[in-house]
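1. predicted model and sequence follow; I will ask about them next.
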Amino acid sequence: MAFKTPKLKALAAILGLAAAAIAGPAAAETTLLNVSYDPTRELYVDYNAAFAKYWKEKTGETVTVKQSHGGAAKQARAVIDGLQADVVTLALSYDIDELHAKGKLIPADWQKRLPNNSSPYTSTIVLLVRKGNPKNIKDWGDLAKPGVAVITPNPKTSGGARYNYLAIWGWALQQPGGNDKTAQELLTKVYKNVPVLDSGARGSTTTFIERGIGDVLITWENEALLATKELGPDKFDIIVPATSILAEPPVTVVDKVANRRGTRKVAEAYLNYLYSDEGQDIAGKHFYRPTSEKAAKKYEKQFAKTKLISVDEVFGGWQKAQKVHFADGGSFDQIYGIR
Amino acid sequence: MTYSAVLRPLVGALALAGLASIALPAQAATQDEIETLKQTVRELQKRLEELDQTVEQKVKIVERKQELVNEDVAKKLKDAPTVTASNKGFSIRSADKDFEFKLRGLAQIDYRVYDGDAHAQTTGNTAVATDGFLARRLRPTFEGTLLGKYGFRFTPEFAESGDGGAAASGDRRNNRVRVVDAYFDVNANDAYKFRLGKHKPFVGLERLQSGSDIKFIERSYVSNNILPNRDIGVSLHGDAFDKKLNYAVGYFNGVADGGDNFTSVDDNTDKDFAARLFTTPFAGSGGNLEGLGFGVAGTWANDSNTNALPRYRTPGQNQFFAYASTVTAAGTRSRISPQAYYYNGPLGIIAEYAQVTQDVQRAETAASGAATNAVAAIGPTELKNDAWQIAATWLITGEDASFKGVKPFQPFKFGEPSGWGAWEIGLRYQENNLDSAAARFADNNAGTSGRAGYGLSARTWGVGLSWYHNENSKFLINYEDTSLDDVLRGAGTPTVLRGDKERFLSFRYQVAY
């Protein structure tokens, strides 16, 4: 046997140092990357600070959470293409499903891992108009009127835009004589009124508020409330349609990345903490609808009461909705192609 | 200027004209007609305002669309790979810097002159140096980074090197492409880095200096005759204490003194362990000792039953000692090497010592053919061979000296008005001393080849002048004078280094990027 004890000891020492090399950095400081959708910037700035403080007190470990924001579909594509996200907090489940379908980064049943189908908060879609509502917009049907400039992002890249689209479609179905044909005709007219298609919800907010383009912005409830809070209620009015859509932005650990980077434990804790009292309170403060009873009651006054339809009930779930409306050749392509 | 700004006065003028036309026959004008005209004016004004708003919106939409296009272009540019060509080589790098491919190169063309009696001869297949041109290094280097933490380097050699090594090292006319470096890196962080493949073991100080940055034509006896050149194995290395302490440990196939592992398969099952600690305790202090670095390195192996024993060479690459072919390694081989450098302004000093302790044995050789004397076997014997060097350089044009290259204050450009580049003078003294017992194992006692002219000690002083045209191009002149002591006087015609001295003048033009 050529190997001798001193050599084995030396080899063991080298391997030990190697193991320390791998284990060492993770113990000292952890960095997470949260890849999220467009309007959650402010929410996660506050939440990341709160979680870092909580984690430090609980474990003594320092954790730094980096954020990346953009249209949900674009963000999902980036993660599939290699963006090293430890967690994703996207606008809708379809985009996260893609991480399994195209990237094999997460298991198929990812949505069962956390409460409320992994959606720690919800929201809906409302209309933001200029002060005094000069175009007299009251409901979804008014968006199709000639001369009304509508601002909404591109459903191909933005999760919020897909909610906008389905909210209008769902409303059209509920109208007397409403069916898919009338819904598509309505959407055709609405998109004829859309002068600019931004890639994400925050871009559309910029178009409407900062650039002064358009008469009405279709946007997340939280984004509309934030805009009126930041810029003053004297500049905009929020119009809550009689019917809107329930938005359930889900979250998940990206298993392959978190396992490889050794961040799974802290990544899971990061998402679990969204359901804690503090996490729910931060969501409420940023105008997201908390899912916990306690926080929901605390913030209920800031949210308008309206009838909310769900994607599952009206459209048969996101997989079907995506295929029918937003996939290549879907209803959106037909509408936008003939505008 | 808006439409209304242009048209409003026109509307006003038309209204006044209308009123005037009915004012003249004032009596005929009715109150109703006046009201109608007023209403018309108001409607026109309203339509103008609407037109204003429409045009303003359209302009804003065009501007916003352009803004989005610009953002998209900027993002694409930001995400696009970067292609660079500079004095550091050529590279393609991803926007996030996690992926990179680099092409670099090193070319050294020498002209070497050997003076008088020291001129070497060529006999048979023995490597000897003669006057003439020599392509010393012709090395393209392909380097890459993957996912930020993983890297590779591949460097072939298109010039034969002749600087040590085992089986192939003796044949300077063996012009074949060989692999200099071929390794993978895994960099967990600054403190823990792994290197796997053929690379320089982290041992010799001057050996770790790039071949493009060495101050003399050839490295010293310490690097070329005692410590390993390149080997196949794995190293763990890194920096600690704010990069003031560098450590390395390694596990290798093992090579002879000064050797380069040319083959992918080891010739024995015993392996070499290597370790090194090097510190720059005053780095970043800003004081006179900022450029001081020192440390110690060593290797250890149980190197038995192999005849891959070293050959010792002068700076002119003439062989001055080789073991007989019947001599093999017979036990442990250990090397120890304290080392230091000091850089302060234009001054650079490098000092190194290395000792190798090697167990060897000699098999019996019977008298036959031209050999008239049989040689008896010699049992395992421990030999201690060592070498040391001290070299100082001075940049007379005032640039800062460093372990790496020189950046001239005023680069020299051929054929156009420019500066004179950087000029550096160097002085080096070095010795290589073999164990006195090594004589019993020398080739000249084999009784077959009758090698004479071998020495057990070589002392060399040298001077050098370097002219750095820019960061990539330089010209060197070296003169080195070597004296052999304890010269062996074996039978037969001296066929390697004739006489006891080597006077070696060399010129080099180098391009590195």
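-> Noted; the coordinates are in hand. Treat the numbers as computed from the prediction; the structure is a model and nothing was measured. Numbers count the residues shown, from 1 in each chain, chains lettered A, B, ... in the order given.

2. okay, CA-based contacts and neighbour counts for the rest of this
-> Will do.

3. what about the longest strand that chain A contains and chain B, touching?
-> When chain A is parsed with DSSP state E, its longest strand is strand A:121-130. No - contact between strand A:121-130 and chain B is absent, the nearest approach being 14.1 Å (criterion: CA under 8 Å from any CA of the partner chain).

4. strand partners (parallel or antiparallel) of that strand?
-> strand A:216-220 (antiparallel), strand A:236-239 (antiparallel), strand A:243-247 (antiparallel), strand A:289-290 (antiparallel) (DSSP bridges).

5. in TSV, list those strands along with mean neighbour count and mean pLDDT.
-> Compiled in TSV, the strands paired with strand A:121-130 are given as follows (neighbours: other CA atoms under 10 Å in any protein chain shown; pLDDT from 0 to 100):
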stretch	mean neighbour count	mean pLDDT
strand A:216-220	26	96
strand A:236-239	20	94
strand A:243-247	23	95
strand A:289-290	28	96
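
6. hang on, B:F99 packs against B:E143?
-> No - assessed by CA atoms under 8 Å, B:F99 is found out of contact with B:E143, at 10.8 Å.

7. assign whichever residue of the stretch 251-400 of chain B sits closest to chain A to helix, strand or coil.
-> Residue nearest to chain A within the stretch 251-400 of chain B (CA to the nearest CA): B:T269, separated by 6.1 Å. The three-state label given to B:T269 by DSSP: H, G, I helix; E, B strand; the rest coil is coil.

8. can you name the next helix or strand after the longest strand of chain A?
-> Downstream of strand A:121-130, the next assigned helix or strand under DSSP states H and E is strand A:150-151.

9. for that following strand, packing partners?
-> strand A:216-220 (3 or more CA pairs under 8 Å, 6 or more residues apart in numbering or on different chains; DSSP states H and E).

10. 10 Å instead, please
-> strand A:121-130, helix A:180-192, helix A:201-205, strand A:216-220 (3 or more CA pairs under 10 Å, 6 or more residues apart in numbering or on different chains; DSSP states H and E).

11. weakest of these by average pLDDT?
-> Ranked on mean pLDDT, the bottom entry among these is helix A:201-205, at a mean of 91.

12. list the contacts for the residue most central in space within chain B?
-> Nearest to the mean C-alpha position of chain B, by CA atoms, centre = their mean, lies B:S210 at 4.0 Å. Applying CA atoms under 10 Å, 6 or more residues apart in numbering or on different chains, we find B:S210 in contact with B:403-405.

13. quick check on those residues: which are buried?
-> Among the contacts of B:S210, the ones that count as buried by 16 or more other CA atoms under 10 Å in any protein chain shown are B:403, B:405.

14. let's have the contacts of B:S210 in a markdown table, adding secondary structure.
-> Compiled in a markdown table, the contacts of B:S210 are given as follows (three-state DSSP):
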| residue | secondary structure |
| --- | --- |
| B:F403 | coil |
| B:K404 | coil |
| B:G405 | coil |
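
15. span of stretch B:403-422 from start to end?
-> 16 Å (CA to CA, to the nearest Å).

16. right, and the helix or strand after the lowest-mean-pLDDT helix or strand in chain B?
-> Least confident helix or strand of chain B, by mean pLDDT, DSSP states H and E, is helix B:3-23 with a mean of 54. Sequence order places helix B:31-79 as the next helix or strand after helix B:3-23, per DSSP H and E.

17. does A:E185 touch A:I335 like I think?
-> Yes - the criterion here is CA atoms under 10 Å, and A:E185 meets it with A:I335 at 8.3 Å.

18. let me see the ranges of the helices in the stretch 151-300 of chain A.
-> A:159-174, A:180-192, A:201-205, A:221-231, A:255-261, A:264-272, A:277-285, A:293-299 (DSSP state H, counting those that start in this stretch).

19. Throw the contacts of B:S210 into a markdown table and include distance to A:A327 and pLDDT, thanks.
-> Shown next, in a markdown table, are these (distance: CA to CA, whole Å; pLDDT from 0 to 100):
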| residue | distance to A:A327 | pLDDT |
| --- | --- | --- |
| B:F403 | 60 | 94 |
| B:K404 | 57 | 90 |
| B:G405 | 57 | 88 |
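
20. return only those of the contacts of B:S210 found close to chain A.
-> Among those, not one lies near chain A by CA under 10 Å from any CA of the partner chain.

21. among the contacts of B:S210, which one sits closest to B:D435?
-> Minimum distance to B:D435 across those is 32.0 Å, recorded for B:F403 (CA to CA).

22. check contacts around that closest one.
-> Contacts of B:F403 by CA under 10 Å, 6+ apart are B:205-206, B:208-210, B:213-215, B:291, B:341-343, B:348-350.

23. tell me the domain boundaries of chain A?
-> Split into domains by automatic domain parsing, chain A comes to A:27-119+A:249-301, A:122-247+A:306-337.

24. which one of those lies closest to B:T482?
-> When the domains of chain A are ranked by proximity to B:T482 (CA to CA), domain A:27-119+A:249-301 comes first, at 55.1 Å.

25. chain center to that closest one: distance?
-> Distance of domain A:27-119+A:249-301 from its chain centroid, counting by CA atoms, centre = their mean, to the nearest Å, is 10 Å.

26. how about A:A172, nearest residue that isn't a chain neighbour?
-> Leaving aside its chain neighbours, A:A172 sits nearest to A:A183 (5.0 Å; criterion: CA to CA, 6 or more residues apart in numbering or on different chains).

27. burial measure for that neighbour, as a count.
-> 20 (other CA atoms under 10 Å in any protein chain shown).

28. next one: A:T306
-> Close neighbours of A:T306, defined as other CA under 10 Å, add up to 13.

29. quick one, what contacts it?
-> Here A:T306 is in contact with A:124, A:240-245 (CA under 10 Å, 6+ apart).

30. need the max-distance pair from the residues you listed.
-> The farthest-apart pair in those, when distances are taken by CA to CA, is A:T124 and A:A242, at 12.1 Å.

31. so who does the residue nearest to the spatial centre of chain A touch?
-> Nearest to the centroid of the C-alpha atoms of chain A, with distances taken as CA atoms, centre = their mean, sits A:A91, at 2.3 Å. Neighbour list for A:A91: A:36-40, A:71-73, A:119, A:122-123, A:158-163, A:247-251 [criterion: CA under 10 Å, 6+ apart].

32. that one and chain B, how far apart?
-> A:A91 sits 22 Å away from chain B, going by CA to the nearest CA, to the nearest Å.

33. can you confirm that residue is in a strand?
-> No - counting by three-state DSSP, A:A91 is not part of a strand but coil.

34. flag every buried residue along stretch A:215-231.
-> Counting neighbours by 16+ other CA under 10 Å, one finds that the buried residues in stretch A:215-231 are A:215-228.

35. those residues: which two are farthest apart?
-> Going by CA to CA, the pair spanning these furthest: A:D215 and A:N222, at 19.1 Å.
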